[in-house]
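>>> Quick one, structure for this:
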Amino acid sequence: MAMLEGVQTLTLAYLNEATCAWVEMEYHHKLHDELGCTPMQRYLSAKTVGRDCPDSAALRGAFRHQVVRRQRRSDGTLTVEGVRFEVPNRYRHLERLTVRYARWNLSYVDLVDEHTGAVLAPLRPLNKAANASGERRRLHSPDPQPAPGGGIAPLLKNLMADYAASGRPPAYIPLDNDRK
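Below is the predicted model:
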């Protein structure tokens, strides 16, 4: 401040400009008595204690509301800020759902576990045009059908053939009472 006593109209912008110039041109490059080196040398030789910036997905997920909503049993939806969202079929049995969202971006809404806070599934807005037809998609997948052709899987078949061709002894010795 002693160097600025002669300035008649001292503004914040001028003070910031003068401070930056003094720090960069004199303070950082002048030998410090207690440090035994310049502040810039000390800074560059010290261990870094800075943290890496989180990725954009982590930042986007950090500043959100967490609320509990009741699921509509009739169509498996819930409402957040006036917008209806579809609940994935595997969570239709839950009556109360915990949801995280940002008020300014309702395209990024997640269903979370209320105990651990882990994200279970992203929620998608309800397609009102498709929902208006009255047709509903199947809630349960059909029973799995056996693989055509039956028998052993091709990969396991190749592995067994390669193992037999290698000439290695069996990995275990069968007992006599196991043989039939």
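
>>> which is the next helix or strand following the one helix or strand in the chain whose mean pLDDT sits lowest?
Of all helical and strand segments in the chain, the minimum by mean pLDDT, DSSP states H and E falls on helix 128-131, at a mean of 76. Using DSSP states H and E, the helix or strand that follows helix 128-131 in sequence is helix 154-166.

>>> got the buried residues for that next one?
Buried residues in helix 154-166, defined by neighbour count with 16 or more other C-beta atoms under 10 Å: none. Heads up, the C-betas are built off the backbone N, CA and C, glycines and all.

>>> So which elements touch it?
Other helices and strands packing on helix 154-166, by 3 or more C-beta pairs under 8 Å, 6 or more residues apart in numbering; DSSP states H and E, are absent; none qualifies.

>>> Now find how far off-centre it is within its chain.
41 Å (C-alpha atoms, centre = their mean, to the nearest Å).

>>> isn't H29 right up against T38?
Yes: the pair H29 / T38 is scored as a contact, 5.5 Å apart, by C-beta atoms under 8 Å.

>>> Which one of these two is surrounded by more residues?
T38 (15 against 12; other C-beta atoms under 10 Å).

>>> got the contact list for that one?
H28, H29, K30, L31, H32 (C-beta atoms under 8 Å, 6 or more residues apart in numbering).

>>> Just give me the closest of these to T79.
H28 (56.7 Å; C-beta to C-beta).

>>> in the protein, which spans are strands?
65-70, 77-80, 83-86, 96-102, 105-112, 119-125 (DSSP state E).

>>> Can you say which of the ones you listed is nearest to G50?
strand 96-102 (27.0 Å).
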